[in-house]
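no sequence on hand, only this structure:
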(Lines give C-alpha, C1' and ligand atoms only; values in the text may rest on other atoms or scores of the structure.)
Protein backbone atom coordinates (compact mmCIF):
# COMPACT_ATOMS: atom_id res chain seq x y z
CA UNK A 1 0.00 0.00 0.00
CA UNK A 2 1.44 3.39 -0.91
CA UNK A 3 1.47 5.92 1.89
CA UNK A 4 0.06 8.69 -0.31
CA UNK A 5 -2.00 8.96 -3.48
CA UNK A 6 -2.07 11.87 -5.93
CA UNK A 7 -5.23 12.24 -8.00
CA UNK A 8 -4.77 13.92 -11.40
CA UNK A 9 -8.04 14.73 -13.18
CA UNK A 10 -7.28 15.13 -16.88
CA UNK A 11 -9.57 16.36 -19.65
CA UNK A 12 -8.02 17.21 -23.04
CA UNK A 13 -4.73 17.90 -21.27
CA UNK A 14 -2.28 16.22 -23.65
CA UNK A 15 -0.12 19.36 -23.93
CA UNK A 16 0.34 19.95 -20.20
CA UNK A 17 -0.05 16.47 -18.65
CA UNK A 18 3.59 15.40 -19.25
CA UNK A 19 4.98 18.33 -17.24
CA UNK A 20 2.46 17.67 -14.47
CA UNK A 21 3.34 13.98 -14.22
CA UNK A 22 7.08 14.68 -14.43
CA UNK A 23 6.78 17.04 -11.45
CA UNK A 24 4.83 14.46 -9.46
CA UNK A 25 7.13 11.55 -10.27
CA UNK A 26 10.08 13.70 -9.10
CA UNK A 27 8.70 14.09 -5.55
CA UNK A 28 11.30 13.70 -2.82
CA UNK A 29 8.85 11.61 -0.79
CA UNK A 30 8.84 8.34 -2.70
CA UNK A 31 6.06 6.21 -1.19
CA UNK A 32 3.18 7.31 -3.41
CA UNK A 33 0.96 6.40 -6.33
CA UNK A 34 -0.54 8.61 -9.03
CA UNK A 35 -4.11 8.11 -10.20
CA UNK A 36 -4.64 9.77 -13.60
CA UNK A 37 -8.35 10.03 -14.37
CA UNK A 38 -8.88 10.45 -18.11
CA UNK A 39 -12.24 12.21 -17.98
CA UNK A 40 -13.61 11.51 -21.45
CA UNK A 41 -10.81 13.31 -23.29
CA UNK A 42 -11.06 13.64 -27.07
CA UNK A 43 -7.40 14.54 -27.65
CA UNK A 44 -4.26 12.48 -26.96
CA UNK A 45 -4.58 12.63 -23.16
CA UNK A 46 -5.30 8.90 -22.95
CA UNK A 47 -2.20 8.01 -24.97
CA UNK A 48 -0.01 10.35 -22.93
CA UNK A 49 -1.28 8.87 -19.68
CA UNK A 50 -0.83 5.31 -20.97
CA UNK A 51 2.80 6.04 -21.83
CA UNK A 52 3.44 7.12 -18.24
CA UNK A 53 1.62 4.05 -16.88
CA UNK A 54 4.69 1.98 -17.70
CA UNK A 55 5.90 3.39 -14.37
CA UNK A 56 4.40 1.16 -11.66
CA UNK A 57 3.54 4.24 -9.59
CA UNK A 58 1.09 5.48 -12.24
CA UNK A 59 -2.42 4.08 -12.60
CA UNK A 60 -4.79 5.33 -15.33
CA UNK A 61 -8.56 5.24 -14.96
CA UNK A 62 -10.72 6.21 -17.95
CA UNK A 63 -14.35 7.28 -17.80
CA UNK A 64 -16.98 9.16 -19.74
CA UNK A 65 -16.78 12.87 -19.00
CA UNK A 66 -18.08 13.71 -15.52
CA UNK A 67 -16.36 17.04 -14.96
CA UNK A 68 -13.61 17.99 -12.55
CA UNK A 69 -15.56 16.99 -9.42
CA UNK A 70 -16.48 13.63 -10.95
CA UNK A 71 -12.89 12.94 -11.99
CA UNK A 72 -11.65 13.71 -8.49
CA UNK A 73 -14.28 11.42 -6.96
CA UNK A 74 -13.25 8.60 -9.29
CA UNK A 75 -9.63 9.14 -8.31
CA UNK A 76 -10.49 9.09 -4.61
CA UNK A 77 -12.37 5.80 -5.08
CA UNK A 78 -9.32 4.25 -6.78
CA UNK A 79 -6.73 5.67 -4.37
CA UNK A 80 -5.11 3.44 -1.76
CA UNK A 81 -3.06 5.93 0.24
CA UNK A 82 -3.66 7.19 3.76
CA UNK A 83 -3.17 10.72 2.40
CA UNK A 84 -4.72 11.85 -0.88
CA UNK A 85 -3.59 14.93 -2.77
CA UNK A 86 -4.98 16.59 -5.88
CA UNK A 87 -3.11 18.10 -8.81
CA UNK A 88 -4.92 19.28 -11.92
CA UNK A 89 -3.38 18.19 -15.21
CA UNK A 90 -2.03 21.64 -16.06
CA UNK A 91 -0.47 22.45 -12.68
CA UNK A 92 2.86 21.41 -11.11
CA UNK A 93 4.13 20.43 -7.69
CA UNK A 94 7.49 21.48 -6.24
CA UNK A 95 9.74 18.52 -5.52
CA UNK A 96 9.34 18.82 -1.75
CA UNK A 97 5.57 19.39 -1.67
CA UNK A 98 4.36 15.88 -0.88
CA UNK A 99 7.03 15.39 1.77
CA UNK A 100 5.97 18.62 3.49
CA UNK A 101 2.33 17.57 3.62
CA UNK A 102 3.03 14.01 4.78
CA UNK A 103 5.16 15.35 7.63
CA UNK A 104 2.51 17.94 8.47
CA UNK A 105 -0.29 15.36 8.63
CA UNK A 106 1.87 12.81 10.47
CA UNK A 107 2.61 15.32 13.22
CA UNK A 108 -0.91 16.74 13.57
CA UNK A 109 -3.59 14.08 13.92
CA UNK A 110 -6.40 16.66 14.05
CA UNK A 111 -5.64 18.14 10.61
CA UNK A 112 -7.81 16.81 7.81
CA UNK A 113 -6.69 19.18 5.04
CA UNK A 114 -3.13 20.39 4.55
CA UNK A 115 -2.36 22.94 1.85
CA UNK A 116 0.38 25.24 0.60
CA UNK A 117 0.69 28.55 -1.16
CA UNK A 118 1.11 28.66 -4.92
CA UNK A 119 3.28 30.35 -7.50
CA UNK A 120 1.51 31.51 -10.66
CA UNK A 121 2.82 30.24 -13.99
CA UNK A 122 1.70 31.21 -17.49
CA UNK A 123 0.44 29.05 -20.34
CA UNK A 124 4.04 28.11 -21.21
CA UNK A 125 4.79 27.08 -17.62
CA UNK A 126 6.97 30.13 -16.96
CA UNK A 127 6.86 32.00 -13.62
CA UNK A 128 4.71 35.14 -13.68
CA UNK A 129 6.42 36.73 -10.69
CA UNK A 130 3.31 36.46 -8.50
CA UNK A 131 2.27 34.05 -5.79
CA UNK A 132 -0.62 33.18 -3.51
CA UNK A 133 0.69 33.38 0.06
CA UNK A 134 -2.33 32.56 2.19
CA UNK A 135 -2.99 32.40 5.90
CA UNK A 136 -1.59 29.12 7.26
CA UNK A 137 -2.61 28.90 10.93
CA UNK A 138 -5.80 29.37 12.90
CA UNK A 139 -7.96 28.79 9.84
CA UNK A 140 -11.69 28.81 10.64
CA UNK A 141 -14.77 28.29 8.53
CA UNK A 142 -15.05 32.07 8.23
CA UNK A 143 -11.56 32.26 6.71
CA UNK A 144 -12.42 29.56 4.19
CA UNK A 145 -15.69 31.28 3.30
CA UNK A 146 -14.28 34.78 2.96
CA UNK A 147 -10.78 34.25 1.57
CA UNK A 148 -10.36 30.53 0.71
CA UNK A 149 -6.75 30.21 1.89
CA UNK A 150 -6.44 26.83 0.12
CA UNK A 151 -6.46 28.90 -3.05
CA UNK A 152 -6.86 26.29 -5.80
CA UNK A 153 -7.64 22.63 -6.32
CA UNK A 154 -3.99 21.60 -6.75
CA UNK A 155 -2.86 22.88 -3.35
CA UNK A 156 -4.58 20.40 -1.03
CA UNK A 157 -3.49 17.07 0.45
CA UNK A 158 -6.19 15.46 2.61
CA UNK A 159 -6.39 12.71 5.16
CA UNK A 160 -8.41 9.72 3.94
CA UNK A 161 -10.42 9.76 7.18
CA UNK A 162 -11.50 13.35 6.48
CA UNK A 163 -12.58 12.43 2.97
CA UNK A 164 -14.55 9.54 4.42
CA UNK A 165 -16.37 11.93 6.75
CA UNK A 166 -17.29 14.13 3.77
CA UNK A 167 -18.46 11.31 1.50
CA UNK A 168 -22.09 10.69 0.62
CA UNK A 169 -23.96 8.63 -1.98
CA UNK A 170 -26.66 10.39 -4.03
CA UNK A 171 -29.60 8.23 -5.05
CA UNK A 172 -28.63 8.68 -8.69
CA UNK A 173 -25.09 7.37 -8.12
CA UNK A 174 -24.71 3.60 -8.70
CA UNK A 175 -20.99 3.02 -8.28
CA UNK A 176 -19.13 5.16 -5.74
CA UNK A 177 -19.38 7.92 -3.15
CA UNK A 178 -19.10 11.63 -3.81
CA UNK A 179 -16.71 13.86 -1.87
CA UNK A 180 -16.90 16.71 -4.38
CA UNK A 181 -20.40 17.63 -5.53
CA UNK A 182 -20.62 16.58 -9.18
CA UNK A 183 -23.56 18.88 -9.85
CA UNK A 184 -21.05 21.77 -9.69
CA UNK A 185 -18.92 22.60 -12.73
CA UNK A 186 -17.33 25.55 -10.92
CA UNK A 187 -16.66 26.25 -7.22
CA UNK A 188 -16.69 22.51 -6.44
CA UNK A 189 -13.49 22.88 -4.43
CA UNK A 190 -14.63 25.75 -2.18
CA UNK A 191 -17.93 23.90 -1.61
CA UNK A 192 -15.95 20.87 -0.41
CA UNK A 193 -13.54 22.84 1.81
CA UNK A 194 -16.34 24.85 3.40
CA UNK A 195 -18.47 21.73 3.98
CA UNK A 196 -15.45 20.17 5.72
CA UNK A 197 -15.18 23.22 8.00
CA UNK A 198 -18.91 23.36 8.77
CA UNK A 199 -19.76 19.69 9.22
CA UNK A 200 -16.67 18.03 10.74
CA UNK A 201 -14.14 18.61 13.51
CA UNK A 202 -11.16 18.29 11.15
CA UNK A 203 -8.75 21.22 11.17
CA UNK A 204 -7.50 23.00 8.05
CA UNK A 205 -3.92 24.25 8.11
CA UNK A 206 -1.20 25.21 5.65
CA UNK A 207 2.52 24.53 5.30
CA UNK A 208 5.16 27.11 4.52
CA UNK A 209 6.21 27.93 0.99
CA UNK A 210 4.52 28.26 -2.39
CA UNK A 211 4.80 24.54 -3.23
CA UNK A 212 2.18 24.45 -6.00
CA UNK A 213 2.66 25.96 -9.44
CA UNK A 214 -0.79 27.12 -10.55
CA UNK A 215 -1.21 27.72 -14.27
CA UNK A 216 -3.05 30.81 -15.48
CA UNK A 217 -4.30 30.66 -19.05
CA UNK A 218 -6.07 33.12 -21.30
CA UNK A 219 -9.35 31.24 -21.18
CA UNK A 220 -9.27 31.29 -17.40
CA UNK A 221 -8.65 35.04 -17.28
CA UNK A 222 -11.54 35.81 -19.57
CA UNK A 223 -13.96 33.34 -17.97
CA UNK A 224 -17.50 34.61 -17.53
CA UNK A 225 -17.66 36.34 -14.15
CA UNK A 226 -21.45 36.02 -14.06
CA UNK A 227 -21.13 32.25 -14.28
CA UNK A 228 -18.47 32.19 -11.57
CA UNK A 229 -20.61 34.35 -9.28
CA UNK A 230 -23.65 32.14 -9.91
CA UNK A 231 -21.65 29.06 -8.91
CA UNK A 232 -20.49 30.77 -5.70
CA UNK A 233 -24.06 31.80 -4.86
CA UNK A 234 -25.14 28.21 -5.38
CA UNK A 235 -22.55 27.08 -2.84
CA UNK A 236 -24.03 29.52 -0.34
CA UNK A 237 -27.58 28.36 -1.05
CA UNK A 238 -26.60 24.72 -0.64
CA UNK A 239 -24.64 25.09 2.60
CA UNK A 240 -26.64 27.84 4.35
CA UNK A 241 -29.13 25.37 5.91
CA UNK A 242 -26.24 23.54 7.60
CA UNK A 243 -25.49 26.55 9.82
CA UNK A 244 -27.81 29.54 9.30
CA UNK A 245 -26.17 31.57 12.08
CA UNK A 246 -22.72 31.21 10.46
CA UNK A 247 -24.04 32.55 7.16
CA UNK A 248 -25.97 35.35 8.86
CA UNK A 249 -22.70 36.56 10.41
CA UNK A 250 -20.33 36.13 7.47
CA UNK A 251 -22.26 36.04 4.20
CA UNK A 252 -22.24 39.75 3.35
CA UNK A 253 -18.49 40.09 3.92
CA UNK A 254 -17.75 36.86 2.06
CA UNK A 255 -19.82 38.07 -0.89
CA UNK A 256 -17.88 41.34 -0.95
CA UNK A 257 -14.59 39.43 -1.02
CA UNK A 258 -15.87 37.17 -3.80
CA UNK A 259 -16.97 40.16 -5.86
CA UNK A 260 -13.61 41.83 -5.30
CA UNK A 261 -11.88 38.65 -6.48
CA UNK A 262 -14.02 38.61 -9.62
CA UNK A 263 -13.25 42.29 -10.17
CA UNK A 264 -9.55 41.45 -10.10
CA UNK A 265 -10.18 38.72 -12.66
CA UNK A 266 -11.99 41.26 -14.84
CA UNK A 267 -9.07 43.67 -14.52
CA UNK A 268 -6.72 40.88 -15.59
CA UNK A 269 -8.97 40.25 -18.60
CA UNK A 270 -8.92 44.02 -19.31
CA UNK A 271 -12.71 44.26 -19.00
CA UNK A 272 -13.11 47.68 -17.40
CA UNK A 273 -16.90 47.81 -17.37
CA UNK A 274 -17.23 44.44 -15.64
CA UNK A 275 -14.45 45.25 -13.16
CA UNK A 276 -16.03 48.56 -12.17
CA UNK A 277 -19.50 47.03 -11.77
CA UNK A 278 -18.06 44.25 -9.59
CA UNK A 279 -16.13 46.55 -7.23
CA UNK A 280 -19.20 48.75 -6.78
CA UNK A 281 -21.28 45.68 -6.05
CA UNK A 282 -18.67 44.46 -3.55
CA UNK A 283 -18.62 47.72 -1.61
CA UNK A 284 -22.42 47.79 -1.55
CA UNK A 285 -22.49 44.48 0.32
CA UNK A 286 -19.69 45.20 2.82
CA UNK A 287 -16.88 47.67 3.51
CA UNK A 288 -15.00 45.11 5.62
CA UNK A 289 -12.48 44.33 2.82
CA UNK A 290 -11.39 47.99 2.87
CA UNK A 291 -10.78 47.74 6.62
CA UNK A 292 -9.15 44.29 6.63
CA UNK A 293 -7.15 44.58 3.40
CA UNK A 294 -7.01 48.27 2.48
CA UNK A 295 -4.08 48.15 0.02
CA UNK A 296 -5.41 45.28 -2.08
CA UNK A 297 -8.96 46.61 -2.05
CA UNK A 298 -8.07 50.21 -2.93
CA UNK A 299 -5.67 48.98 -5.63
CA UNK A 300 -8.48 46.90 -7.12
CA UNK A 301 -10.87 49.86 -7.11
CA UNK A 302 -8.25 52.13 -8.68
CA UNK A 303 -7.35 49.57 -11.35
CA UNK A 304 -11.01 49.04 -12.25
CA UNK A 305 -11.67 52.78 -12.41
CA UNK A 306 -8.60 53.51 -14.55
CA UNK A 307 -9.29 50.63 -16.90
CA UNK A 308 -12.90 51.74 -17.34
CA UNK A 309 -11.87 55.38 -17.88
CA UNK A 310 -9.13 55.03 -20.50
CA UNK A 311 -9.37 51.44 -21.68
CA UNK A 312 -6.62 48.88 -22.34
CA UNK A 313 -3.16 50.38 -22.85
CA UNK A 314 0.44 49.78 -21.74
CA UNK A 315 -0.40 51.76 -18.60
CA UNK A 316 -3.29 49.45 -17.88
CA UNK A 317 -1.05 46.43 -18.40
CA UNK A 318 1.09 47.65 -15.51
CA UNK A 319 -2.05 48.18 -13.44
CA UNK A 320 -3.13 44.66 -14.33
CA UNK A 321 0.10 43.21 -12.98
CA UNK A 322 -0.13 45.40 -9.89
CA UNK A 323 -3.61 44.10 -9.22
CA UNK A 324 -2.29 40.56 -9.32
CA UNK A 325 -3.37 38.25 -12.11
CA UNK A 326 -6.07 35.83 -10.90
CA UNK A 327 -5.21 36.64 -7.28
CA UNK A 328 -7.81 36.76 -4.57
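That came through, no problem. This structure is a prediction, so every number in the text was calculated from the model and none was measured. Numbering: from 1, shown residues only.

correct me, but residue 229 touches residue 255?
No. In this structure residue 229 lies outside contact range of residue 255 using CB atoms under 8 Å: 9.0 Å. The way it works is simple: take the backbone N, C-alpha and C, and place the C-beta from them, glycine included.

sec struct for the closest residue to residue 85 other than its chain neighbours, please.
Excluding the flanking residues, the one nearest residue 85 by CB to CB, 6 or more residues apart in numbering is residue 157, at 3.8 Å. Under DSSP: H, G, I helix; E, B strand; the rest coil, the three-state class of residue 157 is strand.

so what's residue 157 up against?
Contact partners of residue 157, counting by CB atoms under 8 Å, 6 or more residues apart in numbering, are 4, 83, 84, 85, 86, 98, 101, 102, 105, 113, 114, 115.

residues of stretch 194-201 that come out buried?
For stretch 194-201, the buried set under the neighbour-count rule, 16 or more other CB atoms under 10 Å, comprises 194, 195, 196, 197, 198.

swap that for stretch 230-243, please
Quick answer for stretch 230-243 (16+ other CB under 10 Å): 231, 232, 234, 235, 236, 239.

now do the third one against residue 265, distance only.
For residue 234, the distance to residue 265 (CB to CB, to the nearest Å) stands at 18 Å.

now do the helices in the stretch 151-300 of the chain.
Listed in chain order, the helices of the stretch 151-300 of the chain (DSSP state H, counting those that start in this stretch) span 160-166, 188-199, 218-221, 225-239, 244-268, 272-285, 288-292, 294-310.

and those helices, which one's lowest on average pLDDT?
Mean pLDDT per stretch puts helix 218-221 lowest among the helices of the stretch 151-300 of the chain, at a mean of 52.

what's near enough to touch residue 9?
Contact analysis of residue 9 by CB under 8 Å, 6+ apart lists 37, 39, 68, 71, 72, 75, 86, 88, 89.

leaving out chain neighbours, which residue sits closest to it?
Computed as CB to CB, 6+ apart, the closest residue to residue 9 that is not its neighbour in sequence is residue 71, at 3.3 Å.

dihedrals phi and psi, residue 49?
phi -60, psi -40 (degrees, to the nearest 10).

for it, give me its contacts.
10, 17, 21, 36, 38, 58, 60.

so residue 113 belongs to a helix, correct?
No. Going by three-state DSSP, the assignment for residue 113 is strand, not a helix.

and the gap between it and residue 271?
Separation of residue 113 from residue 271 (CB to CB): 33 Å.

neighbour count: these two, which is higher?
Neighbour count, other CB atoms under 10 Å: between residue 113 and residue 271, residue 113 has more, with 27 against 21.

could you give the number of residues near the nearest residue to residue 176 once chain neighbours are set aside?
Excluding the flanking residues, the one nearest residue 176 by CB to CB, 6+ apart is residue 77, at 4.2 Å. Using other CB under 10 Å, residue 77 is surrounded by 17 other residues.

mind checking the SS state of residue 77?
Three-state call for residue 77 (three-state DSSP): helix.

give me the residue at the spatial middle of this protein.
In the chain, the residue lying closest to the centroid (CA atoms, centre = their mean) is residue 152, at 1.8 Å.

and the closest residue to that residue other than its chain neighbours, how far from residue 93?
Spatial nearest neighbour of residue 152, excluding adjacent residues (CB to CB, 6+ apart): residue 214 at 5.0 Å. Per CB to CB, residue 214 is found 11 Å from residue 93.

which neighbours do these two have in common?
residue 154.

how's this protein carved up into domains?
Taking automatic domain parsing as the reference, the chain has its domains at 4-216, 225-323.

highest average neighbour count across those domains?
domain 4-216 (a mean of 19; mean count of other CB atoms under 10 Å).

that one: end-to-end distance?
27 Å (CA to CA, to the nearest Å).

next one: that domain to chain centre, how far?
From the chain centre to the centre of domain 4-216 is a distance of 8 Å (CA atoms, centre = their mean, to the nearest Å).

my guess is residue 121 contacts residue 214, does it?
Yes. With contact defined as CB under 8 Å, residue 121 counts as touching residue 214 (6.9 Å).
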